[in-house]
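Asker: Provide a 3D model corresponding to the input given below.
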Amino acid sequence: MDIIISNTSGKPIYEQITAQIKSQVLSGSLRPGDALPSMRVLAKELRISVITTKRAYEELERDGFIETVTGKGSFVAQQNTELLREDALLRMEQALGQAVDIARHSGITDDEVRGALALLLEGE
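Answerer: Numbers count the residues shown, from 1 in each chain. Below you'll find the model as predicted:
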């Protein structure tokens, strides 16, 4: 499991961890049942506090991405694909909303926004 922590990011470290693990689950690189490193091992690998990894794991468990079994560890949870799709749609709408706000404040026309989106979609 690859996690990269940025000290220059505006996001707290625990949010960076949760976002990257969620992304790996959503992309399929982490599959249901896969074991995650223990909180202590992850903290040591990332050179951060165990308290930070504990908070990240608690958030992931609360959001249904992982399950923790006492004495055995934390594992990727079976995912509700419809719930994941709704989460992805919400995040997409938020990102597009930010892009529209930037465009409106910068004098970029709706047609230019549509054109940029069309180019991005073609690139996939």
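Asker: Excluding chain neighbours, give the residue nearest to the residue nearest to the spatial centre of the chain in space.
Answerer: Centroid-nearest residue in the chain: Ala19, 2.4 Å away (criterion: Cα atoms, centre = their mean). The shortest distance from Ala19 to any non-neighbouring residue, by Cβ to Cβ, 6 or more residues apart in numbering, is to Lys11 (7.4 Å). Where C-beta positions appear, they are placed from N, C-alpha and C, glycine not excepted.
Asker: likewise Ile17?
Answerer: Of all residues not flanking Ile17 in the chain, Ala56 sits nearest, at 3.9 Å (Cβ to Cβ, 6+ apart).
Asker: picking that back up, the residue nearest to the centre of the chain is in contact with Pro12, isn't it?
Answerer: No: between Ala19 and Pro12 no contact is recorded; they are 10.5 Å apart, counting by Cβ atoms under 8 Å.
Asker: List the buried residues of whichever strand or helix holds Ala43.
Answerer: Taking DSSP states H and E as the definition, one finds Ala43 inside helix 39-46. Neighbour counts using 16 or more other Cβ atoms under 10 Å place Met39, Leu42, Ala43, Leu46 of helix 39-46 among the buried residues.
Asker: Determine the number of other residues adjacent to the residue nearest to Ile17.
Answerer: For Ala56, the tally of surrounding residues (other Cβ atoms under 10 Å) stands at 27.
Asker: Just the element for Phe75, please.
Answerer: Secondary structure from DSSP H and E places Phe75 in strand 73-76.
Asker: Which elements pack onto that strand?
Answerer: Strand 73-76 sits against helix 50-62, strand 66-69, with contacts defined as 3 or more Cβ pairs under 8 Å, 6 or more residues apart in numbering; DSSP states H and E.
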